[in-house]
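> what's the 3D shape of this:
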Amino acid sequence: AVGEALRTAVRRRLVADVPVGVLLSGGLDSSLIVALLAEAGQQHLRTFSIGFDSRGDEAGDEFHYSDLVARAFDTDHQRVRLADDDLVPAVRRTVLAMTEPMGSHDVVAFHLLSEQVAQHVKVAQSGQGADEVFAGYGYHQPLAEVSREAAADEFAAAFFDRDHAELNRVVGPAYALDRDASRELLDGHLAAPGAQTALDAVLRLDTHLMLPDDPVKRVDSMSMAWGLEVRTPFLDQDLVTLAAHCPPEHKLARGGKGVLKDVAREVLPAEVIDRPKGYFPVPALRNVDGAVRELVVEALQAPVARERALFRPEYVAHLLAEPDRAAAAAGSNKLWQLGLLELWLQSHGVS
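Down below sits the predicted model:
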């Protein structure tokens, strides 16, 4: 049933007066879209991938997998590679395109990729949403072992970058809250009736709150900045409804997205399905080094930032002195989060 619903979702998003491409990361989700489009008879499909400079053992691209898929389905594939020297101007342009601060490091990647893709197609499909709908993230797996009442504690432990006490060490006194607003929001969503298991409750949070306010908004904002329409088959209303009725064990199977992996085995090479889960890699932003670090320091130490006093100077100094301790959940970086927010405020003239 999931396979048929996904095939329908992909076909629905082919309706256009212009050719429809695919943002091909090389992961399971976008690769599956390419495979199903090929199965539906699409020829000369345009696919696009982006990569950055590597850092030590951290690769800056997933071209190995996207190339494998492009060859398997004979797509008209284009790699977009950006060097570190291209990154700082790209960050500045990306921040200007943000309607609100977006702290995820892959926002810059989506902005750059959209710029290139828009030169070739005006509509593209993307694998956005599959992890939130079919339980593909690492924080979903432990939820199988906890009670419905423990869902909030398990989610917070895996997902929150900071607890409330640390947050009050981050912001200046004028911005500090005497209550944990983030935890209150989380508890309210997860305690609502209607979800039978801890995983069901978290997936409802993912699809109702997280998706529209973060990844979907992120990709939509960055693509529309270049006049590119990105369509998301995994968020098709019928597919999402079916997934919500799918027993949790089918979604958690085989390390997550088990039911999707079963569909994929009909059409994709095993190497793409059984690979370790990847994320949009932008090592210079994840590590905040080189020219990106200089940009962040400049923003955080600017006179307008000092006057605003949004962040406590001692906390900023601590992150700058010990960047190895700046790692946050889901591969993000606490120093990048602070720098991005200050950059956004300055770029948009918010005092």
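> grab the nearest non-local neighbour of the residue nearest the centre of the chain.
Residue closest to the mean C-alpha point of the chain, counted by C-alpha atoms, centre = their mean, is residue 215 at 5.2 Å. Nearest non-adjacent residue to residue 215, counting by C-beta to C-beta, 6 or more residues apart in numbering: residue 128, 5.7 Å away. C-beta here means a position set from N, CA and C on the backbone, and glycine is covered the same way.
> before we move on, what about residue 52?
residue 60 (3.8 Å).
> check contacts around the one you found.
Residues in contact with residue 60 (C-beta atoms under 8 Å, 6 or more residues apart in numbering) are 51, 52, 53, 54, 281, 282, 283.
> check the gap between residue 333 and residue 327 for me.
Residue 333 sits 7 Å away from residue 327, taking C-beta to C-beta, to the nearest Å as the criterion.
> just the pLDDT for residue 80.
Note for residue 80: predicted pLDDT of 91.
> and residue 281, by the same measure?
64.
> helix/strand/coil for the residue lying closest to residue 102 once chain neighbours are set aside?
If the residues on either side of it in the chain are set aside, residue 102 comes closest to residue 218, at 5.4 Å by C-beta to C-beta, 6+ apart. The local conformation at residue 218, judged by DSSP: H, G, I helix; E, B strand; the rest coil, is helix.
> which residues touch residue 218?
The neighbours of residue 218, taking C-beta under 8 Å, 6+ apart as the test, are 102, 104, 106, 107, 110.
> any idea how far the last one lies from residue 116?
When C-beta to C-beta is the yardstick, residue 110 and residue 116 sit 11 Å from each other.
> check the fourth one too.
From residue 107 over to residue 116 the distance is 16 Å, taken as C-beta to C-beta.
> and residue 167, by the same measure?
Taking C-beta to C-beta, one finds residue 167 at 37 Å from residue 116.
> coming back round to it: which residues touch the residue nearest to the centre of the chain?
104, 128, 129, 132.
> need phi/psi at it.
Backbone torsions of residue 215, given as degrees, to the nearest 10, read phi -60, psi -40.
> what of residue 230?
phi -110, psi 130.
> do residue 333 as well
phi -140, psi 130.
> please apply the same query to residue 125.
Main-chain dihedrals, residue 125, degrees, to the nearest 10: phi -100, psi 150.
> these two touch, right, it and residue 31?
No - contact status for residue 125 versus residue 31: not in contact, 11.8 Å apart, counting by C-beta atoms under 8 Å.
> how close does residue 127 sit to residue 192?
For residue 127 relative to residue 192 (C-beta to C-beta), the value is 28 Å.
> next one, pLDDT for residue 330 please.
In this model, residue 330 carries a pLDDT of 69.
> same question for residue 33.
For residue 33, the model assigns a pLDDT of 98.
> do the one 5 residues further on as well
With respect to pLDDT, residue 38 scores 95.
> now residue 321
According to the model, residue 321 carries a pLDDT of 88.
> use 51 as the first number for this chain going forward.
Done: numbering now begins at 51, and the last item shifts to residue 371.
> that one: what's it in contact with?
Residue 371 makes contact with no residue under the criterion C-beta under 8 Å, 6+ apart.
> also the one 4 residues further on?
Applying C-beta under 8 Å, 6+ apart, we find residue 375 in contact with 368, 369.
> again, only using 10 Å
Going by C-beta atoms under 10 Å, 6 or more residues apart in numbering, residue 375 touches 368, 369, 384, 385.
> kindly report the same for residue 139.
341, 345.
> for it, which three-state class applies?
Of the three states, residue 139 takes helix according to three-state DSSP.
> hang on, the earlier thing: three-state assignment of the residue nearest to residue 265?
Assigned with three-state DSSP, residue 178 falls in the coil class.
> ok, now which ones touch it?
Applying C-beta under 10 Å, 6+ apart, the residues near residue 178 are 73, 79-80, 160, 261, 265-266, 268-270, 280-285.
> then residue 327?
By C-beta under 10 Å, 6+ apart, the contact set of residue 327 is 77, 78, 181, 186, 187, 188, 305, 306, 307.
> out of the residues you listed, which are inside helices?
In helices, defined here by DSSP state H, the members of those are 78, 181.
> if any of the contacts of residue 327 are buried, put those into a ChimeraX selection.
The ChimeraX selection below is limited to those of the contacts of residue 327 classed as buried (16 or more other C-beta atoms under 10 Å):
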select :77,78,181,186,187,306,307
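> as CSV, the contacts of residue 327 with pLDDT would be great.
Output for the contacts of residue 327, formatted as CSV (pLDDT from 0 to 100):
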residue, pLDDT
77, 93
78, 96
181, 95
186, 94
187, 91
188, 89
305, 92
306, 94
307, 96
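> now the contacts of residue 327 in a markdown table, with distance to residue 199?
Output for the contacts of residue 327, formatted as a markdown table (distance: C-beta to C-beta, whole Å):
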| residue | distance to residue 199 |
| --- | --- |
| 77 | 33 |
| 78 | 32 |
| 181 | 25 |
| 186 | 24 |
| 187 | 21 |
| 188 | 22 |
| 305 | 26 |
| 306 | 23 |
| 307 | 26 |
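> what sits against the closest residue to residue 126 other than its chain neighbours?
Nearest residue to residue 126 in three dimensions, chain neighbours excluded: residue 96, at 5.0 Å (C-beta to C-beta, 6+ apart). Contact partners of residue 96, counting by C-beta under 10 Å, 6+ apart, are 69-72, 74, 125-128, 167, 170-171, 174.
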